[in-house]
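Peer 1: this one's sequence-less:
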């Protein structure tokens, strides 16, 4: 799939080049413009096939290493390092051009910086996906979590739960049914003089506005939800009952430990 893009650019370049001849006879500016498009597409194909992951050439290079080693993570690491090396080469050339008063070198510096960031980010994504491979939400969740009643006064929530347990987030349940979630930020939004009269229900995020996952949700999907929603925890719910809660910090620790173990 990675080679389709450069091949398409080459096909367009060939088509524009063939058209440029007849069009040049009809109109020199039109023919020159079409020939220029052929040159641009050729340059684009050549640039994309450079071994700078995650460009198309880098992806083709990774697929070859993957075929040889049978290890996607290792292949991505090698392709990423090669891509970063290519990025540093572009930055070096750009600096030389800039020092020679060729301000076009700034573009090479910018492209090199972008490629370096993209290569490092692409490897990090594969590393995280590999570390979470085979893990489900049930493997990442904490079953020993504190719950509170929606009728609990906010003052009691602060005194008996937040301060004593030194935790910031609590699931709100009625029996085994999930009603919502309440966190320190929710309490802080309520005026302190109302804590004695107000209850958890008045500040919690209700169940209908709460995102959750099932126990069999893939670990990578759980991380995507945490990142996409910009939350620090997400409940694991099955048949309306709370089975556990996945915290972002615990998930990141799991990724770190499995990566250090080469998993």
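Peer 2: Received the coordinates, thanks. This structure is a prediction, so every number in the text was calculated from the model and none was measured.
Peer 1: for residue 189, phi and psi?
Peer 2: When read as degrees, to the nearest 10, the backbone of residue 189 gives phi -80, psi -20.
Peer 1: typed the wrong thing, it's residue 181
Peer 2: The phi/psi pair for residue 181 (degrees, to the nearest 10) is phi -140, psi 140.
Peer 1: just the element for residue 6, please.
Peer 2: Per DSSP states H and E: residue 6 is located in helix 4-26.
Peer 1: should've said residue 172
Peer 2: Taking DSSP H and E as the definition, residue 172 sits inside strand 169-174.
Peer 1: which parts of that strand are buried?
Peer 2: Within strand 169-174, the residues scored as buried using 16 or more other C-beta atoms under 10 Å are 169-173. Just so you know, the C-beta spots here come from the backbone N, C-alpha and C atoms, and that holds for glycine as well.
Peer 1: tabulate those residues (TSV), appending distance to residue 187.
Peer 2: Below are these laid out as TSV (distance: C-beta to C-beta, whole Å):
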residue	distance to residue 187
169	11
170	10
171	15
172	13
173	18
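Peer 1: the strand holding residue 172: partners in the sheet, and parallel or antiparallel?
Peer 2: Note on strand 169-174: by DSSP bridges, its sheet partners are strand 147-148 (parallel), strand 177-183 (antiparallel).
Peer 1: now the closest residue to residue 189 other than its chain neighbours: phi and psi?
Peer 2: Nearest in space to residue 189, with sequence neighbours left out and distances taken as C-beta to C-beta, 6 or more residues apart in numbering, is residue 203 at 6.6 Å. In terms of degrees, to the nearest 10, the main-chain angles of residue 203 are phi -120, psi -10.
Peer 1: for residue 203, what are its contacts?
Peer 2: 154, 182, 186-187, 189-190 (C-beta atoms under 8 Å, 6 or more residues apart in numbering).
Peer 1: for residue 229, same thing?
Peer 2: Counted by C-beta under 8 Å, 6+ apart, residue 229 has contacts residue 211.
Peer 1: residues touching residue 199, list them.
Peer 2: 150-154.
Peer 1: going through those residues, which ones are buried?
Peer 2: 150, 152-154.
Peer 1: which pLDDT value goes with the residue lying closest to residue 152 once chain neighbours are set aside?
Peer 2: Sequence neighbours aside, residue 200 is the residue nearest to residue 152 in space, at 4.9 Å (criterion: C-beta to C-beta, 6+ apart). On pLDDT, residue 200 comes in at 87.
Peer 1: the helices in the stretch 51-200 of the chain, which residues?
Peer 2: Secondary structure of the stretch 51-200 of the chain (DSSP state H, counting those that start in this stretch): helices at 56-69, 72-99, 105-131, 137-140, 154-156, 163-165, 184-188.
Peer 1: wait, which of the ones you listed is closest to residue 44?
Peer 2: Proximity to residue 44 (C-beta to C-beta) singles out helix 56-69 among those, at 10.2 Å.
Peer 1: what average pLDDT does the closest one get?
Peer 2: For helix 56-69, mean pLDDT rounds to 80.
Peer 1: about what we covered before: after the helix holding residue 6, next one along is what?
Peer 2: helix 28-48.
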